[in-house]
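A.B. asks: below is the sequence, then the predicted model.
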Amino acid sequence: MYKLLLVIALLCVLNTSAQILPERERATVINEILNDKFKNLLPDLMDKAAVDMWIIISREYNEDPVLRTMLPATWLNARRRTILVFSRNKETDTLESLAVARYEVGESIEAAWDPEKKPEQWKALIDIIEKRDPQKIALNSSKNYGLADGLVKTDSDEFMDYLPLKYKNRLVSGEDLAVGWIETRSQMEMEIYPQLVEITKNIIREAFSEEVIIPGETTTEDVVWWMRQKVTDLGLETWFHPTVSIQRDEEALEDHISAFSSNKEGKIIYDGDLLHCDFGITYLRLNTDCQQMAYVLKPGETEAPEFLQQAFKKGNQVQDILTENFDTGKSGNQILSESLDQAREEGLKPMIYTHPLGLYGHSAGTTIGMWDSQDGVPGSGEYLLNENTVYAIELNTSVFLREWNQEIRIMLEEAGFWGEGGFSYLNGGQEELILISSE
């Protein structure tokens, strides 16, 4: 814990390029966060789901998405067949974390199988089950969340072949556990998450600058690949390929299918263009997802035209409406419906497609719309909003510009935290267009 606090202190005081930790220090952060979550988060999740035992089964290179987030920093993959067993005794307030595997799995998960003494791995698992006699056994299967549906058919079939009949009617879906584990952010994670968002935005600001963009020469694809290279040069990763797009006078607004397609040819950037990017990084097992907009100044201009500034404010207005409708216990579909209705009443043309963010980019939890599901999202849209969760506040609003005699789309995405104290952005929100000099 002491080492982690030192690392966090360094993150808070160093400049952006120096914030990227060496691999060894990253491993320290990852492992201490993980150990803290096993100790302080997982017991509560199991109690909330009323589950006595959670079994997660994976094989190397075909990992359950939940198990992947539980591996220590030095485990880049599962090894052979890795079986994790979490056994909760609420009466004694204890949690056993066991690995039915040849190796211990980090500091928090104890090895519970000696292949030399008991060669059959499945029988070793059954021995653990019978000794503890759980009343509810959770396995990772889910219709609504791919991230919670990690038990593959082969492992399921073999497990069921060995499992005694008396336990088969005690099996339940681990969806609530899996989603809860993936969506809930710990205090340690929230100490460092704003720094990840700051790094992301600083890369965007550099990409959307005269250091990278020369109007009349630079293409959108040039900027995209500059961002990808920047991520690599910093020793980071990205969980999706960035996009950069242009809106301009005398060029019709794309439909949503085209706008959300990643298969685009590069366009040359000119002064007077309105630029948009979609970009995120992966670092310390957390993900960011950010969309920002910029304007390329024409010769003699020192700020964006007033009509573009006013249009941009409408995007901020939709953001405010959405986040003000957050309330613990509401479903994503309810938040979506209320926010769209309110925005339309205020004369806006909104589209909302906000998603959970954290251990995965498009993570598990409350889904608040999809761009092609504005009437609500079955399954994940019915999931209720919980505290200590992070969201990519992703949306757009269409605005008619008389000056261009057409609509434009203000597209924004910011990482925000929902907790006991309400909603807050992790690193502020974009309130004005980034300006790019053409001279």
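C.D. replies: Perfect, thanks for sending it. Numbering: from 1, shown residues only.

A.B. asks: where does pLDDT dip in this protein?
C.D. replies: Along the chain, segments meeting pLDDT under 70 span 1-18, 256-265.

A.B. asks: need phi/psi at residue 244.
C.D. replies: phi -130, psi 130 (degrees, to the nearest 10).

A.B. asks: for it, give the beta-bridge partners.
C.D. replies: residue 277 (DSSP bridges).

A.B. asks: how far away is the closest residue to residue 403 other than its chain neighbours from residue 51?
C.D. replies: Nearest residue to residue 403, sequence neighbours excluded (Cβ to Cβ, 6 or more residues apart in numbering): residue 307, at 5.1 Å. Bear in mind the C-beta positions are built from the backbone N, C-alpha and C, glycine included. Applying Cβ to Cβ, to the nearest Å, the value for residue 307 to residue 51 is 56 Å.

A.B. asks: hey, where'd the strands end up in the stretch 201-350 of the chain?
C.D. replies: Counting by DSSP state E, counting those that start in this stretch, the segments of the stretch 201-350 of the chain that form strands are 243-247, 274-279, 282-283, 286-287, 290-296, 350-352.

A.B. asks: can you list these in CSV and add distance to residue 235 and mean neighbour count?
C.D. replies: Output for the strands of the stretch 201-350 of the chain, formatted as CSV (distance: least, Cβ to Cβ, whole Å; neighbours: other Cβ atoms under 10 Å):
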stretch, distance to residue 235, mean neighbour count
strand 243-247, 23, 22
strand 274-279, 17, 24
strand 282-283, 9, 21
strand 286-287, 15, 25
strand 290-296, 19, 24
strand 350-352, 34, 23
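
A.B. asks: so which of these is nearest residue 323?
C.D. replies: Among the strands of the stretch 201-350 of the chain, the nearest to residue 323 by Cβ to Cβ is strand 350-352 (10.9 Å).

A.B. asks: what's the closest one in contact with?
C.D. replies: 256, 318, 321-322, 336, 339-340, 343-344, 368-369, 371, 374, 394-398 (Cβ atoms under 8 Å, 6 or more residues apart in numbering).

A.B. asks: doesn't residue 391 fall inside a strand?
C.D. replies: Yes - Residue 391: assigned to a strand according to DSSP: H, G, I helix; E, B strand; the rest coil.

A.B. asks: what's across from it in the sheet?
C.D. replies: Assigned bridge partners for residue 391, using DSSP bridges, are residue 356, residue 416.

A.B. asks: burial check on it, number of neighbours?
C.D. replies: Residue 391: 30 surrounding residues under other Cβ atoms under 10 Å.

A.B. asks: so how far is residue 424 from it?
C.D. replies: 11 Å.

A.B. asks: who touches both of these two?
C.D. replies: residue 416.

A.B. asks: just to revisit the earlier point, quick one, which of the strands of the stretch 201-350 of the chain gets closest to residue 428.
C.D. replies: Ranking the strands of the stretch 201-350 of the chain by proximity to residue 428 (Cβ to Cβ) places strand 290-296 first, at 11.4 Å.

A.B. asks: thought residue 214 was touching residue 223, still the case?
C.D. replies: No - under the criterion of Cβ atoms under 8 Å, residue 223 makes no contact with residue 214, lying 10.9 Å away.

A.B. asks: how many neighbouring residues does residue 310 have?
C.D. replies: Neighbours around residue 310, by other Cβ under 10 Å: 12.

A.B. asks: list the contacts for it?
C.D. replies: Residue 310 neighbours (Cβ under 8 Å, 6+ apart): none.

A.B. asks: do you know how far it is from residue 352?
C.D. replies: In terms of Cβ to Cβ, residue 310 sits 21 Å off from residue 352.

A.B. asks: the longest helix along the chain to strand 290-296, inter-axis angle?
C.D. replies: The residue-count maximum for a helix in the chain (DSSP state H) belongs to helix 187-207. Helix 187-207 runs at 20 degrees relative to strand 290-296, counting by axes from the mean of the first three to the mean of the last three Cα atoms, to 10 degrees.

A.B. asks: one step back: got the strands of the stretch 201-350 of the chain as a markdown table, with distance to residue 190 columns?
C.D. replies: Formatted as a markdown table, the strands of the stretch 201-350 of the chain follow (distance: least, Cβ to Cβ, whole Å):
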| stretch | distance to residue 190 |
| --- | --- |
| strand 243-247 | 28 |
| strand 274-279 | 22 |
| strand 282-283 | 15 |
| strand 286-287 | 10 |
| strand 290-296 | 17 |
| strand 350-352 | 24 |
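
A.B. asks: nearest to residue 267, out of those?
C.D. replies: So among the strands of the stretch 201-350 of the chain, strand 243-247 is nearest, using Cβ to Cβ, at 5.4 Å.

A.B. asks: one step back: helices - which of the contacts of strand 350-352 land there?
C.D. replies: Among the contacts of strand 350-352, DSSP H puts 256, 318, 321, 322, 336, 339, 340, 343, 344 in helices.

A.B. asks: now do the contacts for the nearest residue to the fourth one once chain neighbours are set aside.
C.D. replies: Right, residue 322. Nearest residue to residue 322, sequence neighbours excluded (Cβ to Cβ, 6+ apart): residue 339, at 4.5 Å. For residue 339, the contact set (Cβ under 8 Å, 6+ apart) comprises 318, 321, 322, 325, 350, 352, 368.

A.B. asks: surely the second one meets residue 347?
C.D. replies: Spelled out, it's residue 321. No - in this structure, residue 321 is not within contact of residue 347 by Cβ under 8 Å, at 11.8 Å.

A.B. asks: list the buried ones in the helix or strand residue 38 falls within?
C.D. replies: For residue 38, the host element (DSSP states H and E) is helix 23-40. Of the residues in helix 23-40, 25-26, 28-38 count as buried by neighbour count, 16 or more other Cβ atoms under 10 Å.
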